[in-house]
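Visitor: Provide a 3D model corresponding to the input given below.
(chains A and B)
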Number of protein chains: 2
Amino acid sequence: METIYRVNMTDQTVKKETAPKEWIGLGGRGLTSTIVAKEVPPTCHPLGPNNKLIIAPGLLSGTMAAQSGRLSAGAKSPLTGTIKESNSGGTASQQLAKLGIKALIIEGRPSAEHWYRLHVTAEGVSIEPADDLAGKGNRAVIAAMLDKFGDKVGVLTIGQAGEMRMAAANISVKDPTQHIRSLGRGGLGAVMGSKQVKCITIEDPGPAKVAIADEGKFKAAAKVFAKTLLDHPVSGEGLPTYGTNVLINILNEAGGLPTRNFRYGQCDHHEKISGETMRDIIMERKGRPKHGCHVGCIIQCSQVYLDPEHNFVTAGFEYETIWGLGANCLIEDLDDIAECDRIMDDIGIDSIETAVLIGVAMEAGVIPWGDGKECRRVLSEEVGKGTPLGRIFGNGAGMVGKAFGQVRVPVVKNEGIPAYDPRSVKGIGVTYATSTMGADHTAGYSVATNILKVGGFIDPLSKKGQVELSRNLQIATAAIDSTGMCIFIAFPMLDIPETFTSLIDMINAQYGLNLGADEFMEMGKGILKTEHAFNQAAGFGKAQDRLPEFFSYEPIPPHNAVWDFTDEELDEFWNF
Amino acid sequence: METIYRVNMTDQTVKKETAPKEWIGLGGRGLTSTIVAKEVPPTCHPLGPNNKLIIAPGLLSGTMAAQSGRLSAGAKSPLTGTIKESNSGGTASQQLAKLGIKALIIEGRPSAEHWYRLHVTAEGVSIEPADDLAGKGNRAVIAAMLDKFGDKVGVLTIGQAGEMRMAAANISVKDPTQHIRSLGRGGLGAVMGSKQVKCITIEDPGPAKVAIADEGKFKAAAKVFAKTLLDHPVSGEGLPTYGTNVLINILNEAGGLPTRNFRYGQCDHHEKISGETMRDIIMERKGRPKHGCHVGCIIQCSQVYLDPEHNFVTAGFEYETIWGLGANCLIEDLDDIAECDRIMDDIGIDSIETAVLIGVAMEAGVIPWGDGKECRRVLSEEVGKGTPLGRIFGNGAGMVGKAFGQVRVPVVKNEGIPAYDPRSVKGIGVTYATSTMGADHTAGYSVATNILKVGGFIDPLSKKGQVELSRNLQIATAAIDSTGMCIFIAFPMLDIPETFTSLIDMINAQYGLNLGADEFMEMGKGILKTEHAFNQAAGFGKAQDRLPEFFSYEPIPPHNAVWDFTDEELDEFWNF
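Guide: Coordinates of the predicted model:
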């Protein structure tokens, strides 16, 4: 796995390159961030010819290791202006890895007159005309590609949001059951759209395998690794049973479930939207309560949600989306939320950013609180069709706040804050403030230790220990995001030593290396520092590592907690 | 003149304070920037309770000195996020000075349920209910205040744009002939709107005079000063004859007239929109070719523009507005441009920002190039009524660019670039890049020396000497903006030594001081440094002191000039 394809959309050329030696130990986020930092001018326009979209499988992607099928995409984000990595399941990561491809670099910018499809095979990458796909939603694109290439083709696609270069546009990735996963946050779909690439198809490599230096050692480690995942109560029980939406009741109980645009920490109708209720609905309608986003996933936190007539509505229906529309926007009907999720998947817009921005729009009186039907209409008829209101929404919560003159706008570095109130879950607040990515909960999921008591317990309402917690988690996460592993391996990793040792064993066995635990963490530190340096050169300093002002003067019930970190305390984050 | 009124809109209280000693030598911009830097948290939300709106007459305002009636307003800008000072003519500056008021500080934020009017008299400031004015345009507000208080009342008002807290909203100031001048740039109208202050009325102080320490010396200096203004070809002849719009033909000739959203440096139909043509139209329709924005103005660059039926359309019809809609948006009919100006004045939105954003909207295909009728409709029916498209427009060129996924967006620090192409008039490009205010041509009007050959000549197409030129002008301008003087005194100041010496003589005579030329310039340096420090604390660093990327790779005809300053060259600006 050492091939880099460099696709230049300005002059419509493709170059095959061999990865330079210094990129060999890098995959996923480590590789996308390294390439962006090296090749993208930090002050360039994110939609201009000098930004680049990097797509890279993780170090372990394509192997038999459980949870290793995550794909990374990186660029300068049109939403945040920072460096950005977003990752997703689907089939593409494993397929690219098996084709020996370490990264696709999509650069330049053609005139906006035509759309293109990149086709990736064992022989190389070709740029194909795709004007026939223009204007189509993601489901129609996937259906057309399945018709053309058969069920096993890998597909990355942008919907109407990406075509319109909306800063909340994502990139959809087809999963093994032909459903949609998303490279969700940071508007990478707009970057793909700016390059006039409507979709990327990947020929299935069939029985091809990635090279493993020591197969026996790898298999043994993979077995240990998988067992630890199943042994842990979160990855082995909570997530498989209820999906990520298990968190609604937990966060509500903790008073950290942002409700009515971050006005309250608990939601009266939490039972109507909880993971437990969702599971009951799915079972009753004969949907699938468990579902994996990629082959080899043994956690199976995804699910397939059907309507009352047993028709497919959506898959990969996550806590953050349900929190956002359910608690934060006060929509009580899970079917309305599921329908919104379906529409967002189809037009290709980040469901977290969208849920946050609708909360701001409701605060501004643009949509009535709790009106799920109006949300469905706005998403399909306004955002999907690019009306002026749709353009405002499609560019995220920050733009909604500015357009309607709002002060209570929960964004950091212009990215919407998800699902966990930073005042009452302070560890995640540190992550939101300091992450190189903007307000990204997965960048350092302190909720694990603050709320789920994984890796010990740090009181969520106290400032003590939160900066160190977030720092350690952000470092570990940057490294994990480079392996192709799902972030949920962090739960057992924090409690079961063998998860980590077997992970390192697999990397060493595959690449014939002799990495230790320290070197793995050093890799994480190096990635964060690379990203931080890019952001600093792009104009981000300490003043941007802050939460919105209203968190500091508006207490949130039931704990009446405020955001009370001093600047100096937060700035300690980067002391490593 | 040492009274400060502190109006707290949260608890609806007014405090009368005496200016602290260190504010005594400050007026206008020097004072507004000092107060903002001292009292406003740099990372606060510009529309939140912790921002403050400061209104201050200049040091010489209220005296008999020619050109001394400019008013400053300052705050953290909702458009740029930087510190901001905007200044304007009208009657308010002289009235406040004669009432002995050094500054109004409007702070806090009430609930958004009610609107208020501040009423300023010799006795103090009162907060009056003003719900009856809500939703009204500036002309209707002024008419209502004239009805209530008579012709001499001073009025500051926001239109619908300010009420909606649009980031391009300005504050209108009534002039001596009841027409509208504007505290135009940076969205200070939105700050006033965020405080629910619809208007400010100022009781005319009648024969009251500001105190002058040495009347005889002052009169003598004022006479010399006025004579030098009349002696200079720009302030004594060009501006009085054609208004600021004299610049259309001059910039077109120089290849620096940005045309079709900064695509070209010359405009085919420049003759149709030039100052010469405008004068002919005004004369034919019996409008006023000369008009002053405040009592005591002897340059009279303003005018009153009538329609073919001799009805009033607009006054203060400036080059930058005519450039923007005429050349940059390709509108050929001066009557359409004048009608747009009238609408913008009434809804209270900055005509420079608006002209720039319409260029971006035309680039995006939202409005056809050159369609003046559609611009009129969009301004009155969309912006004025706050439709979603109007909200996008009302928040400036940066938001239009983001909403419609555009790359060619001429903004610096999110503020639209006016009227002079930075590639072919490089001195003004340095000002746009480095000004503490965003892309503000008046912050350091290098066009004077690059194009008008005032203060010598520096080749506009060469980088040589431009940083020093812009630095010297920005320093001098910061000081001039503190005096209450119109910026056009800079033209004679650059060529005639007595303009400067008599200006200093007047300040010394009024305040019983003994300032020298060096101390005046030191004041300018101090103001810039105060503003720069605020911006740095608000998160602005070197990466924000840059022009948009497309200027560096897109040559502009006819000179095919590009923006070619290195980062290091630009960063030299702050070495003083």
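Visitor: Looking at the stretch 351-500 of chain A, which residue is nearest chain B?
Guide: A:Gly405 (2.8 Å; Cβ to the nearest Cβ). Just so you know, the C-beta spots here come from the backbone N, C-alpha and C atoms, and that holds for glycine as well.
Visitor: ok, now how distant is the residue nearest to A:Asn414 when sequence neighbours are not counted from B:Phe404?
Guide: Distances taken as Cβ to Cβ, 6 or more residues apart in numbering or on different chains place A:Gly398 nearest to A:Asn414, at 4.1 Å, with adjacent residues excluded. When distance is defined by Cβ to Cβ, to the nearest Å, A:Gly398 is 16 Å away from B:Phe404.
Visitor: Comparing those two, which shows the higher neighbour count?
Guide: A:Gly398 (27 against 22; other Cβ atoms under 10 Å in any protein chain shown).
Visitor: from the chain's centre, how far out does the helix or strand where that one lies sit?
Guide: Taking DSSP states H and E as the criterion, the element that holds A:Gly398 is helix A:396-403. Mean-position distance between helix A:396-403 and its chain equals 21 Å (Cα atoms, centre = their mean, to the nearest Å).
Visitor: Give the next helix or strand downstream of it.
Guide: Helix A:396-403 is succeeded, C-terminally, by strand A:411-412 (DSSP H and E).
Visitor: After that next one, which helix or strand is next?
Guide: With DSSP H and E, the next secondary element past strand A:411-412 is strand A:415-416.
Visitor: Does the longest helix seen in chain A reach chain B?
Guide: Once chain A is assigned using DSSP state H, the helix that runs over the most residues is helix A:517-537. Yes: counting by Cβ under 8 Å from any Cβ of the partner chain, chain B has neighbours in helix A:517-537: A:Ala537.
Visitor: That helix packs against which elements?
Guide: helix A:28-39, strand A:83-88, helix A:466-480, helix A:497-511 (3 or more Cβ pairs under 8 Å, 6 or more residues apart in numbering or on different chains; DSSP states H and E).
Visitor: which residues sit against the very next helix or strand once past that helix?
Guide: Downstream of helix A:517-537, the first helix or strand assigned by DSSP H and E is helix A:550-553. For helix A:550-553, the surrounding residues in contact (Cβ atoms under 8 Å, 6 or more residues apart in numbering or on different chains) are A:262, A:407-408, A:410, A:422-423, A:429, A:562-564, B:45, B:48-49.
Visitor: need the contact list for A:Gly154.
Guide: A:Gly154 touches A:Gly90, A:Thr91, A:Ala92, A:Gln95, A:Leu96, A:Val120, A:Lys174, A:Ile200, A:Thr201, A:Ile202, A:Glu203, A:Asp204, counting by Cβ under 8 Å, 6+ apart.
Visitor: farthest pair in the residues you listed?
Guide: A:Gly90 and A:Glu203 (15.2 Å; Cβ to Cβ).
Visitor: who in the stretch 51-200 of chain A is up against chain B?
Guide: Counting by Cβ under 8 Å from any Cβ, the residues of the stretch 51-200 of chain A that sit close to chain B are A:Pro78, A:Met164, A:Arg165, A:Met166, A:Ala167, A:Ala190, A:Gly193, A:Ser194.
Visitor: Now with 6 Å, please.
Guide: Applying Cβ under 6 Å from any Cβ of the partner chain, we find that the stretch 51-200 of chain A lies next to chain B at A:Met164, A:Arg165.
Visitor: per-residue confidence for the closest residue to A:Asn245 other than its chain neighbours?
Guide: The shortest distance from A:Asn245 to any non-neighbouring residue, by Cβ to Cβ, 6+ apart, is to A:Gly275 (3.6 Å). With respect to pLDDT, A:Gly275 scores 96.
Visitor: Report the contact partners of A:Gly275.
Guide: Counting by Cβ atoms under 6 Å, 6 or more residues apart in numbering or on different chains, A:Gly275 touches A:Tyr242, A:Gly243, A:Asn245, A:Val246, A:Ile248.
Visitor: go on, A:Gly243?
Guide: Here A:Gly243 is in contact with A:Gly275, A:Cys301, A:Gln303 (Cβ under 6 Å, 6+ apart).
Visitor: before we move on, what about A:Ile475?
Guide: Contacts of A:Ile475 by Cβ under 6 Å, 6+ apart are A:Met521, A:Gly524, A:Lys525.
Visitor: Hmm, A:Ile480 and the second one touching each other?
Guide: Spelled out, that is A:Gly524. No: in this structure, A:Gly524 is not within contact of A:Ile480 by Cβ atoms under 6 Å, at 7.9 Å.
Visitor: neighbour-wise, which of these two wins?
Guide: A:Ile480 (28 against 23).
Visitor: Hmm, A:Ile358 is touching A:Cys329, no?
Guide: Yes: contact status for A:Ile358 versus A:Cys329: in contact at 5.1 Å, counting by Cβ under 6 Å.
Visitor: All the helices of the stretch 351-500 of chain A, residue numbers only.
Guide: A:351-363, A:372-377, A:388-394, A:396-403, A:426-434, A:447-450, A:466-480, A:490-495, A:497-511 (DSSP state H, counting those that start in this stretch).
Visitor: coming back round to it: name the member of the contacts of A:Gly154 with the shortest distance to B:Thr228.
Guide: A:Ile200 (68.3 Å).
Visitor: State the distance from the closest one to chain B.
Guide: 20 Å (Cβ to the nearest Cβ, to the nearest Å).
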